[in-house]
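Chemist: I'll drop the sequence and a predicted model, then ask my questions.
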Amino acid sequence: MNNWLQRLQSADLATWQQHRAGEVRLGAALHYLNPLLPLDDALVGAFQQGCRFALLGIPEDIGPRANLGNGGADLGFNAFLSRFINLQENPFAAAGKLLLAGNIRCDDLQQRAALLDNADPDQLTQLRQLCSELDQRVYSVVRTIFDAGLTPIVIGGGHNNALPIIQALASHAGQAADAINLDPHCDFRLLEGRHSGNGFSYAAKAGWLRKYFVLGLHELKNSATALQQLAAAGAGYCSYQRIWQRRQLTLAQAITQAIDFVGTDESVPLGIELDTDSISGMPVSAYTNCGVSVADAEYYVWQLAQLARVRYLHLAEAAPAQHPAGLKAGMNEAGQVLSALVLAFIQARAALH
């Protein structure tokens, strides 16, 4: 029995759920896991009831802190839920296909990590060890979701979680997977212990990641070493500067370039990755005003989600506490943006199911 998932039920959302006469909100229309069944049976049961998407939260900020970054990514999933469940349930929402699975259990790891200072080399090593422990939990739950025939939509935590998600997909599929990532950083850094900056380099080294493309890579926010490793692994990218600064190609053309790079082999599974620190004004560990718009991020998700071989969506790094106006503003803004990205994915995929 898989014990790393904290299953959520409708009662867990009561403090956020809004009510208005004559309206039904998404929180009242979502499916929930049977709490009495083993996880694999409960997930299969949800699939048999018509669910096709599993919403999964990872309330951790160990990975970003292990990457010498700021904390706060542990609140990303809560920010999403507080907004998403209050959207209208209507024919555009495909609520009947949505399963709210729950959260990866991270409390014990978070408590241990809170006592560690990432400026101290020995304690930084311990943070990276905790990140490795988290990898195993994420892998275990996500693999079970894949095995049940569901498409995971993974929200919250650092981009370190790309590694166990890709591992789970490759293990489920019996072959290496491809990934396209909207991100100013390639996250292909040294194998120096696990953190949010090396999920894809670890995945490639392990043989779980076949082809990898970074859309919107910032030409001045990646080390020469990381870029060398990216090239040595045969990965590709189209820079932020080419698309949004120099306007040498449109976003649509860049997305086509990414799709062409990973190829059209329908038998190879593909993951959609999106680091929300690519979005201007988004409360994240690495806050920026020099990123892409929310609309462009939605378009990226929507375009890729129409590909039949897509198997998951991963939205990483939202950190509401890092909003310049404070936590309340951060929860509101992060929740809105994450909800918009999830809906773009669901609306594109719903027609395929």
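Modeler: Ah, there it is.

Chemist: now the longest strand belonging to the chain - C-alpha only, CSV.
Modeler: For the chain, the strand that runs over the most residues, judged by DSSP state E, is strand 209-217. Extracted in CSV, the C-alpha atoms of strand 209-217 (Å, rounded to 0.1, in the frame of the first residue of the first chain):
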residue,chain,number,x,y,z
LEU,A,209,15.0,11.3,-20.4
ARG,A,210,15.5,10.8,-24.1
LYS,A,211,15.0,14.2,-25.8
TYR,A,212,14.8,17.5,-24.0
PHE,A,213,14.0,20.9,-25.3
VAL,A,214,14.1,24.2,-23.3
LEU,A,215,11.8,27.0,-24.6
GLY,A,216,12.6,30.5,-23.5
LEU,A,217,16.0,29.7,-22.1
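
Chemist: kindly export whichever helix or strand comes after it (C-alpha atoms) in PDB.
Modeler: Toward the C-terminus, strand 209-217 is succeeded by helix 224-232 as the next helix or strand (DSSP states H and E). Extracted C-alpha coordinates of helix 224-232, given in PDB (Å, rounded to 0.1, in the frame of the first residue of the first chain):
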ATOM      1  CA  ALA A 224      28.700  27.900 -19.200                       C
ATOM      2  CA  THR A 225      29.000  24.500 -17.600                       C
ATOM      3  CA  ALA A 226      25.300  23.900 -17.600                       C
ATOM      4  CA  LEU A 227      25.100  24.900 -21.300                       C
ATOM      5  CA  GLN A 228      28.000  22.600 -22.100                       C
ATOM      6  CA  GLN A 229      26.300  19.700 -20.400                       C
ATOM      7  CA  LEU A 230      23.000  20.500 -22.200                       C
ATOM      8  CA  ALA A 231      24.800  20.400 -25.500                       C
ATOM      9  CA  ALA A 232      26.700  17.200 -24.700                       C
END
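
Chemist: now the element after helix 224-232, going C-ward?
Modeler: Counting by DSSP H and E, what follows helix 224-232 is strand 236-239.

Chemist: same for that next one, what does it pack against?
Modeler: strand 209-217, helix 251-262 (3 or more C-beta pairs under 8 Å, 6 or more residues apart in numbering; DSSP states H and E). Where C-beta positions appear, they are placed from N, C-alpha and C, glycine not excepted.

Chemist: mean confidence for it?
Modeler: For strand 236-239, the mean pLDDT works out to 98.

Chemist: how far out from the middle of the chain is the helix or strand hosting Ala54?
Modeler: Ala54 is part of strand 53-57 when elements are defined by DSSP H and E. Relative to its chain's centre, strand 53-57 lies at 10 Å (C-alpha atoms, centre = their mean, to the nearest Å).

Chemist: how about stretch 254-263?
Modeler: That offset, for stretch 254-263, works out to 20 Å (C-alpha atoms, centre = their mean).

Chemist: then it to CSV, C-alphas only?
Modeler: Provided in CSV are the C-alpha atoms of stretch 254-263 (Å, rounded to 0.1, in the frame of the first residue of the first chain):
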residue,chain,number,x,y,z
ALA,A,254,9.3,28.3,-31.4
ILE,A,255,6.8,25.8,-30.1
THR,A,256,6.8,24.1,-33.5
GLN,A,257,10.6,24.0,-33.3
ALA,A,258,10.4,22.3,-29.9
ILE,A,259,7.9,19.7,-31.2
ASP,A,260,10.1,19.1,-34.3
PHE,A,261,13.1,18.6,-32.1
VAL,A,262,11.5,15.9,-29.9
GLY,A,263,10.0,14.3,-33.0
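
Chemist: show me what counts as buried in the helix-or-strand element of the chain with minimal mean pLDDT.
Modeler: Least confident helix or strand, the chain: helix 26-29 with a mean of 86, by mean pLDDT, DSSP states H and E. Buried residues in helix 26-29, counting neighbours by 16 or more other C-beta atoms under 10 Å, are found at Leu26, Gly27, Ala29.

Chemist: shouldn't the second one be in contact with Ser10?
Modeler: So that's Gly27. Yes: Gly27 is within contact range of Ser10, at 7.0 Å (criterion: C-beta atoms under 8 Å).

Chemist: residue ranges of the strands in this protein, please?
Modeler: 5-7, 31-32, 53-57, 98-104, 151-155, 177-182, 209-217, 236-239, 270-275, 310-316.

Chemist: can you put these in TSV and add mean neighbour count?
Modeler: Shown next, in TSV, are the strands of the chain (neighbours: other C-beta atoms under 10 Å):
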stretch	mean neighbour count
strand 5-7	18
strand 31-32	20
strand 53-57	25
strand 98-104	26
strand 151-155	26
strand 177-182	26
strand 209-217	25
strand 236-239	21
strand 270-275	26
strand 310-316	26
